[in-house]
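**Student:** Attaching a predicted model along with its sequence, questions to come.
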Amino acid sequence: FFAILTALYGSSENMREEKDVYVSYSWRKEEQNFVNAVFRQLKRKQYRIIGDAGNQSVYDEDDRIRRIMNTCGAYVGILPYRGDSNTSRYILDEIHKAQECKLPGLLIADSRVEDLEVFTYPLLKIDIASEIDETVLLNHINLLKVERPKTPHVFFATNLDRERQTINEFIRNL
């Protein structure tokens, strides 16, 4: 088992360097510049971005999000402006879930979003989402402390062709 993990991660010590960060963000096309700016800085810090899949038919009716969060070492919320001082209710719900999971984290929000003081995470407000100062953003991301996850995991990607079925089954069972 450890020989396989060492082959995947380079060493058993690398496997212990948790860099998975759950990120709540908008999937709307018009808000992607804001999201991408944050993603660039997270990737610059070599964090692996984990989030909910966009193809879900319902939102977290079985506590799926909390289970995913528990495999991560930190949380980042990216909050777009949705009019009337509001943001996405789904992202707000995920912030509550992250705090319940006791994940360290931080928030980055459009400055027009209000009532975020109820959260304990450090907050950076961005005045113009299309003109984000990358240095200010990176300084805020540097505040992020990543911990070992409550439920560690290993991602394994493979070819699913029929001739690989036996080895894939073996690895899945491991």
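**Tutor:** Perfect, thanks for sending it. Numbering: from 1, shown residues only.
**Student:** contacts, neighbours, all on C-alpha from now
**Tutor:** OK.
**Student:** buried set for stretch 51-65?
**Tutor:** If you call a residue buried by 16 or more other C-alpha atoms under 10 Å, then stretch 51-65 has these buried ones: 51, 52, 65.
**Student:** go on, stretch 148-167?
**Tutor:** 148, 149.
**Student:** Quick one: end-to-end length of it, please.
**Tutor:** One end of stretch 148-167 sits 30 Å from the other (C-alpha to C-alpha, to the nearest Å).
**Student:** Just put the buried residues of stretch 51-65 in TSV and tack on pLDDT and distance to residue 89.
**Tutor:** Listed next are the buried residues of stretch 51-65 as TSV, based on pLDDT from 0 to 100; distance: C-alpha to C-alpha, whole Å:
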residue	pLDDT	distance to residue 89
51	89	16
52	84	15
65	91	14
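**Student:** which among those gets closest to residue 132?
**Tutor:** Nearest to residue 132, judged by C-alpha to C-alpha, of these is residue 51 at 22.4 Å.
**Student:** any idea how far residue 126 is from residue 170?
**Tutor:** With distances taken as C-alpha to C-alpha, residue 126 is found 49 Å from residue 170.
**Student:** Distance check, the residue nearest to residue 54 when sequence neighbours are not counted against residue 107.
**Tutor:** Using C-alpha to C-alpha, 6 or more residues apart in numbering and skipping residues adjacent in sequence, the residue nearest residue 54 is residue 27, 7.5 Å away. Distance, residue 27 to residue 107, using C-alpha to C-alpha: 17 Å.
**Student:** Tally up the residues packed near residue 105, please.
**Tutor:** A count of nearby residues for residue 105, using other C-alpha atoms under 10 Å, gives 25.
**Student:** Strands of the chain, residue ranges please.
**Tutor:** In the chain, the strands defined using DSSP state E lie at 20-24, 48-50, 74-79, 105-110, 123-126.
**Student:** Report the angle between the fourth one and strand 20-24.
**Tutor:** Comparing the axes of strand 105-110 and strand 20-24 via axes from the mean of the first three to the mean of the last three C-alpha atoms, to 10 degrees yields an angle of 30 degrees.
**Student:** excluding its backbone neighbours, what's nearest residue 43?
**Tutor:** In space, residue 43 is closest to residue 49, 7.8 Å off (C-alpha to C-alpha, 6+ apart).
**Student:** residues touching the one you found, list them.
**Tutor:** 20, 21, 22, 23, 39, 42, 43 (C-alpha atoms under 8 Å, 6 or more residues apart in numbering).
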